[in-house]
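K.L.:
next one to model:
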Amino acid sequence: MKHFSYLFISETKNLFLSAKRLFYVIVFPLFLFGFFSALFYNGVPRDLPMAYIDRDQSQQSANLLRMLDATPSIELKMALTDEKEAQKLIQQQKIVGFIEIPVNFQKKLYQTDQQTIICYTNNQFMLSAGLIQKDFQTTIGMYSAGLVMKKKLQKGLQTEKVKSQAQSVKIAEYPLFNPYFNYTFYLLVAIFPMLLQMIVMMVTIYVLGIEFRYQKGKYWLQKAEGKPFIALMGKILPYTLALFFVSWWMNFLLFDLIGAPLHISNINVVLITFILVIIYQILGIIFVSFARDFRSALTIGSGFTAIAFSFAAYTFPMEGLPKSMQVVAQIFPYTHFMKYYVNRAIKGIPIEFTWQPLLVFSLFILLFVLAYPKFVKKIKIGGYEKN
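P.N.:
Down below sits the predicted model:
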């Protein structure tokens, strides 16, 4: 116990007295969380810049443009006369799309001819394009219904009958789990844990790998009185506690300060995040122990965490991936964490329907049994073998 305390205190001093370590372990993660919180502060993109080409220049075309400009997503910034000019502005990213009203728009409406209003969007940015298309279609639908009602009222039909004919089928929408359509809640729930797992991995690999790189394993083991487990725990535990604080702050920021919906107790969501930290520390130990050198460990660790988001299928359903990719996705703890995190914390699904990821977590923790003998061998020879 005395040797563990000595190592623990010594490494705690290394953490808090080293400006570089303190920055990367605590300050930098908190900065990242704050940065992404500010980036998505508005929740939903508003007033996206659009242009318009009004080839009719009539009262009806002006009314329609005013309705479109009043929608949350569309802001009609400028009037243009040419499609090529509009396409050039889209390429320069000065606008995200444009609307075109044809010649004789008003005249043909009064003649009860069907008209086509064209909306071009830059679908490279799917989020903004989707929001614009939704508001555009809703507005055109309302505008068309209004014209139909006006014509029927002019023919002497009763108002209630006209309304029922204009919308014979009513829509009842009930958005689940994110009723506010808030992209802050939607995206930060995935981005914050992704950043956390990357930080945990790289901190763990650096703290352990730097000792093996400079052949300090034997000296490190000597301070633990020849006990590899004491050496490992004394070295890594201060960072575990610091990363626990970072993960607690992540959840506090997301659910208490930002206000993302939470359907389980705070302690439950904090505990599952603590488990994520431990799992990625174990993976860090594995990569450090099995890699042939420090650089390889860092490369493998960073690559493993960087691609985890893609395989978690958070913004794209897992069922839509090829079967082979669905299998590959299972090797990333982040995949199982997000499944549990979203189903329990955000959707409030009972534990009896969401226990499978917890079983997988226990299997990941058991990987420590595989990594430990390799770690012992590494620390006893002093570190990485020199080529």
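K.L.:
all contacts plus neighbour counts: C-alpha atoms, from now on.
P.N.:
Fine.
K.L.:
how long is stretch 352-361 from one end to the other?
P.N.:
End-to-end distance of stretch 352-361: 16 Å, with CA to CA, to the nearest Å as the criterion.
K.L.:
in it, what counts as buried?
P.N.:
Within stretch 352-361, the residues scored as buried using 16 or more other CA atoms under 10 Å are Thr354, Pro357, Leu358, Val360, Phe361.
K.L.:
now swap in stretch 298-311 and tell me
P.N.:
By 16+ other CA under 10 Å, the buried positions in stretch 298-311 come out as Leu298, Gly301, Ser302, Phe304, Thr305, Ala308, Phe309, Phe311.
K.L.:
give me the contact list for that stretch.
P.N.:
The contact list for stretch 298-311 (CA atoms under 8 Å, 6 or more residues apart in numbering) reads 194, 197-198, 201-202, 205-206, 284, 287, 325-326, 328-329, 332, 334-335.
K.L.:
and the residues you listed, which are buried?
P.N.:
194, 197-198, 201-202, 205-206, 284, 287, 326, 329, 332, 334-335.
K.L.:
picking that back up, which among the buried residues of stretch 298-311 gets closest to Gln133?
P.N.:
Nearest to Gln133 among the buried residues of stretch 298-311 is Phe309, at 27.4 Å by CA to CA.
K.L.:
now for the closest residue to Lys216 other than its chain neighbours: which residues touch it?
P.N.:
The shortest distance from Lys216 to any non-neighbouring residue, by CA to CA, 6 or more residues apart in numbering, is to Gly382 (5.7 Å). By CA under 8 Å, 6+ apart, the contact set of Gly382 is Phe212, Gln215, Lys216, Gly217, Lys218, Tyr219.
K.L.:
where does the stretch 151-300 of the chain dip in pLDDT?
P.N.:
For the stretch 151-300 of the chain, applying pLDDT under 70 flags the ranges 151-182.
K.L.:
just the helices in it please.
P.N.:
159-166, 183-213, 217-223, 228-251, 266-290, 294-306 (DSSP state H, counting those that start in this stretch).
K.L.:
out of the ones you listed, nearest to Ala38?
P.N.:
Ala38 sits nearest to helix 183-213 of all the helices of the stretch 151-300 of the chain, at 9.6 Å, using CA to CA.
K.L.:
from the chain's centre, how far out does that closest one sit?
P.N.:
In terms of CA atoms, centre = their mean, to the nearest Å, the centre of helix 183-213 is set 14 Å apart from its chain centre.
K.L.:
buried set for it?
P.N.:
Going by neighbour count (16+ other CA under 10 Å), the buried part of helix 183-213 is 183-186, 188-190, 192-213.
K.L.:
quick revisit: now for the buried ones among the contacts of stretch 298-311, which pair is the farthest apart?
P.N.:
Greatest spatial distance in those: Tyr206 and Gln326, 30.7 Å, computed using CA to CA.
K.L.:
can you list the contacts of Gly382 in JSON lines and add distance to Gln111?
P.N.:
Output for the contacts of Gly382, formatted as JSON lines (distance: CA to CA, whole Å):
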{"residue": "Phe212", "distance to Gln111": "83"}
{"residue": "Gln215", "distance to Gln111": "87"}
{"residue": "Lys216", "distance to Gln111": "88"}
{"residue": "Gly217", "distance to Gln111": "88"}
{"residue": "Lys218", "distance to Gln111": "91"}
{"residue": "Tyr219", "distance to Gln111": "92"}
